[in-house]
Structure formats: C-alpha cells, structure tokens
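Visitor: The sequence isn't on hand, but the structure is:
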C-alpha cells in the first residue's frame, strides 16, 4: 500500500502520535526515529504531531525533537498549533478561516514559536460526577486552553507535565475545558474501557490509551477530525495521508489515513483499525515506516 503513496515531499502528509510511537514509554527518543522525522521535514513532507498531550506536554516533546515547523494537534484534536511559519494554514489560505464547523478560530499568540490555530471546549461537570461515582478511586484532571490543570489528587510521577491545582472533585469542572482525563491505577486499560462503556456517557468523545488512562473530549473532536481539517486547509489529497499510533485515542486517526500503521504491541482494537503493523517503539518501528516513505 505504501508504494502507492507519494514520496517524501509536500504532496505527502504524515501524522504521528507521540507517546509509544515517537517516544518510548519511558520518554526516551531514539536517534534513528529523530533522524527519520527530520529527513521528512527537510524534504517538505507535511509532517505533524497528533497527541493526547496538552500544550505544555506537546512543547516538551517538540523540544526533544527539535521540531520548529509544521502542525501539532493536541488534546486529542481539541487544540491545533501552528509551528513557526512554514506550515501555518492561515498563510496557506491567505488568512481565510480554516475551521468553521468544529472550532472557533481565535489565532491567539501563546509563544514565540507557535500559536493556537483552533480549539474546542466543553463543560465536563456531568461526566466528572458520573466517572467519580463509578470509579471513586480514580484520579481526575481537567485542562483548559491555558492556566493550571485541575486535579483531585496527584498522578503517578512523570505522567503529567506543567502546573497543577489540587481541588475537591466538585470544583474540578469548568465551562471551557479542552480535556478531562481519568487515570485508574488499579485497573488495566481494558477494564477501564469496559467500566466507562457501562456508564453510558453522552455528548462527548472518549478513548482509552495503552495504560488505564481515559481522555474525554468535546463531541465531534478527535485526532482524525482535526487532521482532516488540516489536510483540507493544506490541499493534500486524501490518498496521500499516513498515520502511525498505538493507543485507543489513535483509532479515528488510523481510520482517517489512507495508510494507517499500528505500533507493535498495540491492542487488538488498534491493530484492527490500521492497514499494517510495525515493530514496537523500542525497536524503532516508526523509523522503519518513515524510512520506507523517503
């Protein structure tokens, strides 16, 4: 299938998950993976990150990658960032609005090397109460576009980046959240997925990652939906799209791409959503995919 895709260059769009795909589960970055990513950036490939991380966590990954141009889809599609000037969809479209259906475009300057292209929010208070009642021991976190993350208790070390504010569960909710995260340290990912399905949450999107980590997003928002907005804005053909990921929040992205690749070790649900499977992250599976597309 990859033989039918364009070679590295502006006709090709590649979307990459971060944790478990680019970075190892310990946060490590392989030299080979980094070199493969930069080879595509140098060739002009429309390479972009697509992650469940918020802005702060995405910035840390961008720093590791030394990536200063392109697009980063954050918070599972709720936020899209333009990096530098090269791939800013606003410049591609001559300043016209990119996203009209799912997001309110505000072009907020939030840093010297990127700016917010689009974002979507929701009020998670109903979901917080449902989840806390069903999973009283679970850790909860609510993120907004900016400001400290609201949590009910401390998460395991290394799992969250950026400032946090500890609050009672009934004070976690805000009207303009970009993501609600649930961490069940005593459950497996499949057990958490089954528990959440039994709750019957409505009006939101949710996905379970490789660990017992649940992300809840605004309705209609996903990595795949945000990437489709970017693909349309950049004028890339639907048949020239590649996505690589390993978690439940990558399902829509893998189905969206013409050629979706699941990482080695991904769950059967993720593998079933992909066209192919590569080696695990600690065996440079992503590098093999990227190198095949030079």
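Guide: Arrived safely. All figures in this text were calculated on a predicted structure; none of them were measured in a lab. Numbers count the residues shown, from 1 in each chain.

Visitor: now the helices: where do they sit in this protein?
Guide: For the chain, the helices defined by DSSP state H occupy 31-43, 55-65, 89-92, 125-134, 189-199, 223-234, 251-256, 268-273, 285-291.

Visitor: Show me where the stretch 151-294 of the chain has its strands.
Guide: Applying DSSP state E, counting those that start in this stretch to the stretch 151-294 of the chain gives strands spanning 164-166, 179-183, 204-208, 213-218, 241-245, 259-262, 276-277.

Visitor: Quick check: residue 122 vs residue 250, distance?
Guide: Going from residue 122 to residue 250 by Cβ to Cβ, to the nearest Å gives 21 Å. The C-beta positions use only the backbone N, C-alpha and C, and glycine is treated the same way.

Visitor: These two: who's more crowded?
Guide: A count of neighbours by other Cβ atoms under 10 Å puts residue 250 above the other of residue 122 and residue 250, at 35 against 24.

Visitor: Contact partners for that one?
Guide: If you count contacts by Cβ atoms under 8 Å, 6 or more residues apart in numbering, residue 250 has them with 17, 50, 223, 243, 262, 270, 273.

Visitor: Now with 6 Å, please.
Guide: Residue 250 makes contact with residue 17 under the criterion Cβ atoms under 6 Å, 6 or more residues apart in numbering.

Visitor: what does residue 160 give?
Guide: With contacts defined as Cβ under 6 Å, 6+ apart, residue 160 has no neighbours.

Visitor: let's see it at 7 Å
Guide: Residue 160 sits next to 141, 149 when contact means Cβ atoms under 7 Å, 6 or more residues apart in numbering.

Visitor: Please apply the same query to the one 5 residues further on.
Guide: With contacts defined as Cβ under 7 Å, 6+ apart, residue 165 is in contact with 148, 150.

Visitor: Return the distance of it relative to residue 196.
Guide: Taking Cβ to Cβ as the measure, residue 165 falls 25 Å from residue 196.

Visitor: between the strands of the stretch 151-294 of the chain, which one is nearest to residue 142?
Guide: strand 179-183 (5.5 Å; Cβ to Cβ).

Visitor: That closest one: how far from the chain's middle?
Guide: 14 Å (Cα atoms, centre = their mean, to the nearest Å).

Visitor: which residue sits closest to residue 125, ignoring its sequence neighbours?
Guide: Spatial nearest neighbour of residue 125, chain neighbours left out: residue 173 (3.4 Å); criterion: Cβ to Cβ, 6 or more residues apart in numbering.

Visitor: per the record, what domains does this protein have?
Guide: For the chain, automatic domain parsing gives the domain ranges 2-120+221-291, 125-218.

Visitor: out of these, deepest packed?
Guide: domain 2-120+221-291 (a mean of 20; mean count of other Cβ atoms under 10 Å).

Visitor: Let me see the contact set for the residue sitting nearest the centre point of the chain.
Guide: Geometric centre of the chain, nearest residue: residue 51, 1.9 Å, by Cα atoms, centre = their mean. Going by Cβ under 7 Å, 6+ apart, residue 51 touches 17, 18, 58, 73, 74.

Visitor: one more time with 6 Å
Guide: By Cβ under 6 Å, 6+ apart, residue 51 lies in contact with 18, 58, 74.
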